[in-house]
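In: Here is my input; please provide its structure:
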Amino acid sequence: MNTLNSIRRSVANHSDDVFLRGEFNQFGSVAQVGRALRTLMMDGTLVRLRLGLGLGVYANANANANAKAKPSVPTGKPIPVRPLEVLAPQALNKLGVTVMPSRLTQEYNAGRSAQVPASIVFNVGRRRIARKLGFNGKAIQYERA
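Out: Predicted coordinates:
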């Protein structure tokens, strides 16, 4: 079985919504995995979650694989079914970062504020994070406690 089919089968069999590139290293060399991931992105099976440069964090975008993604109504391009607010904490947890709701989100959830937070902000404790996660021009922000 070649690298592309191995990665395709692995994505279909996982219940995760987010995948790191390192999870696919067992299926071949860096170049083979890169080509296979590019092919899966062109097919609409995977979507890359990132802004800027760097190795990717991928979300499943295959509408037939456990209904994890769907085509966008206006553009027809694949988008994840789960919003970025759900996918980003999963990706950060896989990277070893403990994620908590932001101060504004905690105040809204406790009923101390009636203002809904406008942007996606996560409290990452005392850690400094340089990775920028986003999709389709929408990015998450980090709040340090």
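
In: By residue count, what's the longest helix in the chain?
Out: helix 30-43 (DSSP state H).

In: contacts for it?
Out: Helix 30-43 is touched from outside by 3-4, 7-8, 11, 21, 24-25, 27-28, 46-48, 56, 58, with contacts defined as CB atoms under 8 Å, 6 or more residues apart in numbering. Bear in mind the C-beta positions are built from the backbone N, C-alpha and C, glycine included.

In: and whatever helix or strand comes next after that helix, which strands flank it?
Out: Going down the chain from helix 30-43, the next helix or strand is strand 46-49, by DSSP states H and E. Partner strands and pairing direction for strand 46-49 (DSSP bridges) are strand 57-60 (antiparallel).

In: Would you mind putting the CA coordinates of the strand it pairs with into CSV?
Out: The C-alpha coordinates for strand 57-60 follow below in CSV (Å, rounded to 0.1, in the frame of the first residue of the first chain):
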residue,chain,number,x,y,z
VAL,A,57,-2.3,21.3,11.3
TYR,A,58,-4.9,19.6,9.2
ALA,A,59,-8.7,19.1,9.7
ASN,A,60,-10.7,16.4,8.0
